[in-house]
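J.: how would this look folded up:
(chains A and B)
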Amino acid sequence: MKNTQDVMQQHLEAYLKRQFPQREALVLSELERTDVGYSYQTCFVSLTWKESDGPVSERLVIRVEPETGCVPPYDIRPQYEVMKRLEGTAIPIPKTVCLETGKDIIGHRFFVMEAIEGQVLYQSYLNHPENRTQLENDYISILAGMHELDWRGLGLSILKESESAAQCVRSEIARWEQVIETSIYNPLPIVSEVICWLKNNIPPADRMTLCHGDYHCQNLLARDGRVVAVLDWEMVKVGDPISDLGWACLLSNITKGFWSEHGIVESYQKACGRTVDADRLFFWKVLAHIKLAAICLAALRASMEFENPDMRQATIGIMGVPGLLDGAAQMLGF
Amino acid sequence: MGTNLTALLLERCAKTIEEVIVPKVSGNFEVQQAMATAQVLRILAPNVDEKPEYAIKENRKIQEVLNNVLIGLRKEADASSSQNKVMDGLSATIADGLNKSDQGLTSAGEKNVLLKGLLIDTIKGIDSLAADLPQDLINVLKQEIRTAIRQQLDNETARLGSRSFSSEFLSEEAS
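T.: Numbering: from 1, shown residues only, chains lettered A, B, ... in the order given. Here you go, the predicted model:
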């Protein structure tokens, strides 16, 4: 009897043959499910086919939308559309191949993109101190560059712009509040207290830009001392660019050995030629704590209810939430 | 009623051992060990109670804080010339909730869930009254509430000890 992986490989091969009818004798092999990330499942596959001058091969990545997970609600389309439209800009991203929004091929929606050779930026940063300055420079210049893109001009209206910057922030607060409410097992008064503070302290945004939504050192790939890809666009949005900075600062603060928050903010200011308002950054850092706590709580809920439990998700739920909520409380002075 | 997360987690651990790990284990002895471990977890699961000491302490503090909030709101209502239905409604909710928590609930865990829910209602209620109440009173009430929340946060982090979300955790993820 064939196992699930064999069946998936067979179905994917048939699907990709239809996507690439010009590739003669196409064979898909080496389907490898990685343990990277907690939300979308990432698989690598190898394709080989015949061309007039001999056999050709290519490595591809399949990003599979989960049934449920730590970043609900799931919609695979925005990230795919954004990645597709960013091709050819200065933002290094894997080239997309195709999007499958039906679930009849492998039971989930998925998209295919090119596999980029590289190491997670964080590892590269730790392993190659001699490259750190260049990696820091790339890390920030890519972020600042993303925030300068003409997202309307790139046809990214799929990202649904809010009526106002304040409305956009209110929607974001509401999203994470809802994720927490639907994920918790027991009441958490701290969340209500912080959410009230956030709703009463929405800062004015001077611009609305394309925001990655999950920009940090584990979502970038580096090779030969340079950043070569920005991955994991599942939380992409149009919003206040300082939201990306606040998120990057929080993640940097809890990631041992990566660049300091101070360095990130200083470099960002230099790269985009704008002063970052301290109150605005403070707000987004508080919201980042709530957002990450929401993701951890959703991970815990998913690990308890999903048919195929991923106990890593339970671990981040149990271990992550208290420290994050404690961090938010400390930021608010209690 | 609250959920006994510890029991649920033990059940989940057993399921993971049986359905994810065991199918990949080749040795008979190792499979038997894993299955026996899962069985022990399943036996333990319905019999574990979450530590009541923390809940008892938290309950005492929340009751104290809510009583103080109630006194503050009632004083304000007495001093005010006009009636504020929202404020009266919040006072009634707190008073009812405190009564319920004193009657009929024998488990510290159940009481904890009820009181935390009441504390959440109070946080939201005071927030909605921000424009109607003197700022000094809001500050005092918020301060009271935050002391109760701080105690809960300290309990949660103490339960985890050194295993809380830390740089070390993320570093392990990357390796």
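J.: can you point out the buried residues in the helix or strand harbouring A:Ala294?
T.: Counting by DSSP states H and E, the element that carries A:Ala294 is helix A:278-305. For helix A:278-305, a neighbour-count test (16 or more other C-beta atoms under 10 Å in any protein chain shown) marks A:280-304 as buried. (C-beta placed from N, C-alpha, C; glycine too.)
J.: just checking, what packs against that helix?
T.: Applying 3 or more C-beta pairs under 8 Å, 6 or more residues apart in numbering or on different chains; DSSP states H and E, we find helix A:278-305 packed against helix A:165-183, helix A:189-200, helix A:241-253, helix A:311-331, helix B:5-16.
J.: pick out the residue of the stretch 201-334 of chain A closest to chain B.
T.: Closest to chain B within the stretch 201-334 of chain A is A:Lys256: 3.3 Å, counting by C-beta to the nearest C-beta.
J.: helix/strand/coil for that residue?
T.: coil (DSSP: H, G, I helix; E, B strand; the rest coil).
J.: do you know the pLDDT at it?
T.: What the model reports for A:Lys256 is a pLDDT of 87.
J.: name the residues of chain A found near chain B, please.
T.: A:120, A:122-123, A:126, A:185-190, A:192-193, A:196, A:199-200, A:218, A:254-257, A:296, A:303-304, A:308-309, A:311, A:314, A:316, A:318-326, A:329, A:334 (C-beta under 8 Å from any C-beta of the partner chain).
J.: now which of those residues would you call buried?
T.: Burial by neighbour count, 16+ other C-beta under 10 Å: within the residues of chain A next to chain B this picks out A:120, A:122-123, A:126, A:185, A:187-190, A:192-193, A:196, A:218, A:254-255, A:296, A:303-304, A:309, A:314, A:316, A:318-326, A:329, A:334.
J.: pick the most deeply packed of the helices and strands packed on helix A:278-305.
T.: Highest mean neighbour count of the helices and strands packed on helix A:278-305: helix A:241-253, a mean of 24 (counted as mean count of other C-beta atoms under 10 Å in any protein chain shown).
J.: contact partners of that helix?
T.: A:143, A:146-147, A:172, A:205, A:207, A:209, A:211-218, A:258-261, A:264-265, A:268, A:276-277, A:280-281, A:283-285, A:287-289, A:291-292 (C-beta atoms under 8 Å, 6 or more residues apart in numbering or on different chains).
J.: hmm, try it at 7 Å
T.: Outside of helix A:241-253, the residues within contact range by C-beta atoms under 7 Å, 6 or more residues apart in numbering or on different chains are A:143, A:147, A:207, A:209, A:211-212, A:215-216, A:258-261, A:264-265, A:268, A:276, A:280-281, A:284-285, A:287-289, A:292.
J.: any idea which helix or strand in chain B has the lowest mean pLDDT?
T.: For chain B, using mean pLDDT, DSSP states H and E, the weakest element among its helices and strands is helix B:167-174, scoring a mean of 42.
J.: confidence score at the residue positioned nearest the centre of chain A?
T.: Central residue of chain A (C-alpha atoms, centre = their mean): A:Asp232, 3.3 Å from the mean position. A:Asp232 is assigned 95 on the pLDDT scale.
J.: may I ask which helix or strand encompasses it?
T.: Remark: A:Asp232 resides in no helix or strand, with elements defined by DSSP H and E.
J.: correct me if wrong: it contacts A:Asp214.
T.: Yes: using C-beta atoms under 7 Å, A:Asp232 makes contact with A:Asp214 at a distance of 5.4 Å.
J.: send me stretch B:24-36 as PDB with only the CA atoms.
T.: Extracted as PDB, the C-alpha positions of stretch B:24-36 are listed here (Å, rounded to 0.1, in the frame of the first residue of the first chain):
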ATOM      1  CA  LYS B  24       8.500   5.500  12.900                       C
ATOM      2  CA  VAL B  25      10.100   3.400  15.700                       C
ATOM      3  CA  SER B  26      11.500   0.100  14.500                       C
ATOM      4  CA  GLY B  27      12.500  -1.800  17.600                       C
ATOM      5  CA  ASN B  28       9.800  -3.900  19.300                       C
ATOM      6  CA  PHE B  29      11.000  -3.100  22.700                       C
ATOM      7  CA  GLU B  30      11.100   0.600  22.000                       C
ATOM      8  CA  VAL B  31       7.600   0.500  20.500                       C
ATOM      9  CA  GLN B  32       6.300  -1.200  23.700                       C
ATOM     10  CA  GLN B  33       8.000   1.400  25.800                       C
ATOM     11  CA  ALA B  34       6.500   4.200  23.800                       C
ATOM     12  CA  MET B  35       3.000   2.700  23.900                       C
ATOM     13  CA  ALA B  36       3.300   2.000  27.700                       C
END
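J.: so for that stretch, what gets flagged as buried?
T.: B:Ala34, B:Met35.
J.: does the nearest residue to A:Ala115 once chain neighbours are set aside sit in a helix, a strand or a coil?
T.: Distances taken as C-beta to C-beta, 6 or more residues apart in numbering or on different chains place A:Arg59 nearest to A:Ala115, at 3.9 Å, with adjacent residues excluded. A:Arg59 falls in the strand class when you classify it by three-state DSSP.
J.: next up, the contacts around A:Arg59.
T.: Residues in contact with A:Arg59 (C-beta under 7 Å, 6+ apart) are A:Phe44, A:Ser46, A:Ala115.
J.: state the mean pLDDT of the strand or helix carrying the second one.
T.: It stands for A:Ser46. Using DSSP H and E, A:Ser46 sits in strand A:41-51. Averaged across strand A:41-51, pLDDT comes to 93.
J.: what does stretch A:189-204 give?
T.: 97.
J.: and if you look at stretch B:63-74?
T.: 96.
J.: list the buried ones in that stretch?
T.: Judged by neighbour count using 16+ other C-beta under 10 Å, the buried positions of stretch B:63-74 are B:Gln63, B:Val65, B:Leu66, B:Asn68, B:Val69, B:Leu70, B:Gly72, B:Leu73.
J.: now it, how far from the chain's geometric center?
T.: 20 Å (C-alpha atoms, centre = their mean, to the nearest Å).
J.: contact partners of that stretch?
T.: Contacts for stretch B:63-74 (C-beta under 7 Å, 6+ apart): B:87, B:90-91, B:94-95, B:98, B:101, B:115, B:118-119, B:122, B:137, B:140-141, B:144-145, B:147-148.
J.: what's the PyMOL syntax to select whichever of those residues are buried?
T.: Of the contacts of stretch B:63-74, the buried ones can be selected in PyMOL as follows, counting by 16+ other C-beta under 10 Å:
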select buried, chain B and resi 87+90+91+94+98+101+115+118+119+122+137+141+144+145+148
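J.: for chain A, tell me which of the contacts of stretch B:63-74 show up nearby.
T.: Counting by C-beta under 7 Å from any C-beta of the partner chain, the subset of the contacts of stretch B:63-74 that neighbours chain A consists of B:Leu119, B:Ile145.
J.: contacts only, for A:Leu143.
T.: For A:Leu143, the contacting residues are A:Tyr215, A:Asp244, A:Tyr268, by C-beta under 7 Å, 6+ apart.
J.: okay, stretch A:223-237 in PDB with CA atoms only?
T.: Taking C-alpha atoms only, stretch A:223-237 is exported to PDB below (Å, rounded to 0.1, in the frame of the first residue of the first chain):
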ATOM      1  CA  ARG A 223      24.000  33.300   0.800                       C
ATOM      2  CA  ASP A 224      27.600  34.400   0.400                       C
ATOM      3  CA  GLY A 225      27.100  37.200   3.000                       C
ATOM      4  CA  ARG A 226      24.100  38.700   1.300                       C
ATOM      5  CA  VAL A 227      20.300  38.400   1.800                       C
ATOM      6  CA  VAL A 228      18.900  36.600  -1.200                       C
ATOM      7  CA  ALA A 229      15.200  36.000  -0.300                       C
ATOM      8  CA  VAL A 230      12.400  37.300   1.800                       C
ATOM      9  CA  LEU A 231      10.000  34.500   2.700                       C
ATOM     10  CA  ASP A 232       6.800  33.800   4.500                       C
ATOM     11  CA  TRP A 233       4.500  36.600   3.300                       C
ATOM     12  CA  GLU A 234       1.400  35.100   4.900                       C
ATOM     13  CA  MET A 235       0.800  38.200   7.000                       C
ATOM     14  CA  VAL A 236       1.400  40.700   4.300                       C
ATOM     15  CA  LYS A 237      -0.800  43.800   4.400                       C
END
